[in-house]
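Asks: my questions are about this predicted structure, shown below with the sequence.
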Amino acid sequence: MTREEFRKRLDEKGVLLLDGGTGSVLRTMGMPAGVSTELWAYEHPEEVAALQRRYADAGADIIYAPTFGANRISLENMGLGDRTEELNRTLMRRTVENVGGRALVAGDMSTTGKPMEPYGPMTYDGLLENYREQIRLLAEAGADLLVAETLMSADEASVICDAAREVCELPLIISFTCEGDGNLYFGGNIFEAAAMMEAMGADAVGVNCSVGPDQLQAVVRGLSETVSIPVVAKPNAGMPSITETGDAVYSMGEEEFTENLRLLRECGAGVLGGCCGTTPEYIRRVRRAL
């Protein structure tokens, strides 16, 4: 898919609906805590296929491949660096096989979790090569577009933009995680970061994970007033509480979540979905409401 085709599809539909949670749902399907989500998804293709098809059935326009933490730096932290190519290619190819033709398939990327120098150990050149490798693998395996989500600073988002534009011309969505006031976790705020991403060629920009959708109206409204590209909102199902067994229980049910996403749409979001704690039923209800 070209960047022009992505914008045309959004203009025609009025709003694009993303899928919901992946890791949080896979936990309910048997994935234990503390393991690599990407490796578990690789080793359990039937469970992942069932989830992705349920999201397609629910009406999602875009479904993420389970490659969130499959960049080499993150995989090396799990002792899986030598499987970077295998995991990215296989998980992307399987997702295309599962839902291609019914929904667009996004190659999903995220932060390494470590800030860039001088605040942390990550260098521009090291991160550029890290993301260049993953983007190349995802693009070659059939991604329709790229998503970089749960980013914590404008610095790492800038590196991803540079890497994407060096490797391919696929549409690129950039999504940050932030506080309810818009502050980013590694410094700066989401509004300044979003303006920078638009200038660097991102095709949509917004917020995911973070707090619940009831706390993001001001953030989404501010983003829609800051940028001219589409605004993304993919929040959690409210704030979680942690049980004695270490499981996260999210506070917001399908009906309340759907109403809050309707309000985020009114605040200016044109690309909507769910993050942690949301399921295909959440997405089905949002589709009906939209």
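Replies: Cool, the structure landed.

Asks: tell me the secondary structure for residue 107?
Replies: strand (DSSP: H, G, I helix; E, B strand; the rest coil).

Asks: thinking it is in contact with residue 66, fair?
Replies: No - using C-beta atoms under 8 Å, residue 107 makes no contact with residue 66, being 10.6 Å away. Heads up, the C-betas are built off the backbone N, CA and C, glycines and all.

Asks: and the two? Which one has more around it.
Replies: Between residue 107 and residue 66, residue 107 has the larger neighbour count (other C-beta atoms under 10 Å), namely 29 against 24.

Asks: which residues does the closest residue to the more buried one other than its chain neighbours contact?
Replies: Spatially, and ignoring its direct neighbours in sequence, residue 107 is nearest to residue 138 (3.1 Å; C-beta to C-beta, 6 or more residues apart in numbering). Residues in contact with residue 138, defined by C-beta atoms under 8 Å, 6 or more residues apart in numbering, are 65, 67, 88, 92, 107, 109, 146.

Asks: repeat for residue 58
Replies: Going by C-beta under 8 Å, 6+ apart, residue 58 touches 280, 281, 283, 284, 287.

Asks: quick one: which of those is most hemmed in?
Replies: Most neighbours among these, by other C-beta under 10 Å: residue 283, with 30 neighbours.

Asks: give me the nearest residue to that residue, chain neighbours excluded.
Replies: Nearest to residue 283 is residue 58, by C-beta to C-beta, 6+ apart, at 4.2 Å.

Asks: how about the contacts made by residue 205?
Replies: Residue 205 neighbours (C-beta under 8 Å, 6+ apart): 173-176, 193-194, 197-198, 223, 227, 229-232.

Asks: can we see that at 10 Å?
Replies: Contacts for residue 205 (C-beta atoms under 10 Å, 6 or more residues apart in numbering) come out as 157, 172-176, 190, 193-198, 223, 226-227, 229-232, 271.

Asks: in PyMOL, how would I select just the buried ones from those?
Replies: The following PyMOL line selects those of the contacts of residue 205 that are buried, judged by 16 or more other C-beta atoms under 10 Å:
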select buried, resi 157+172+173+174+175+176+190+193+194+195+196+197+198+223+226+227+229+230+231+232+271
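
Asks: out of the contacts of residue 205, which are inside strands?
Replies: Filtering these for membership in strands, criterion DSSP state E, returns 172, 173, 174, 175, 176, 231, 232, 271.

Asks: so which pair among those residues is furthest apart in space?
Replies: Spatially, the most separated pair among these is 172 and 231, at 14.6 Å (C-beta to C-beta).

Asks: ok, now which ones touch residue 190?
Replies: 151, 154, 175-179, 181-184, 197, 205-207, 210, 219-220, 222-223, 226.

Asks: swap the cut-off to 7 Å and go again
Replies: By C-beta atoms under 7 Å, 6 or more residues apart in numbering, the contact list for residue 190 reads 176, 178, 182, 184, 207, 219, 223.

Asks: cool, and residue 123?
Replies: Contact analysis of residue 123 by C-beta under 7 Å, 6+ apart lists residue 117.

Asks: on the three-state scheme, residue 55 is what?
Replies: helix.

Asks: skipping adjacent residues, who's closest to it in space?
Replies: residue 19 is the one closest to residue 55 (C-beta to C-beta, 6+ apart), at 4.2 Å.

Asks: ok, that neighbour touching residue 63?
Replies: Yes - assessed by C-beta atoms under 7 Å, residue 19 is found in contact with residue 63 at 4.8 Å.

Asks: quick revisit: now, the contacts of residue 138 that are in helices?
Replies: The members of the contacts of residue 138 that map onto helices under DSSP state H are 88, 92.

Asks: could you tell me which of the contacts of residue 138 count as buried?
Replies: Judged by 16+ other C-beta under 10 Å, buried ones among the contacts of residue 138: 65, 67, 88, 92, 107, 109, 146.

Asks: quick one, what contacts residue 74?
Replies: residue 112.

Asks: what does it show for phi and psi?
Replies: The phi/psi pair for residue 74 (degrees, to the nearest 10) reads phi -70, psi -40.

Asks: kindly report the same for the one 4 residues further on.
Replies: Main-chain dihedrals, residue 78, degrees, to the nearest 10: phi -100, psi 10.

Asks: okay, now it: neighbour count?
Replies: The number of residues packed near residue 78 is 15, by other C-beta under 10 Å.
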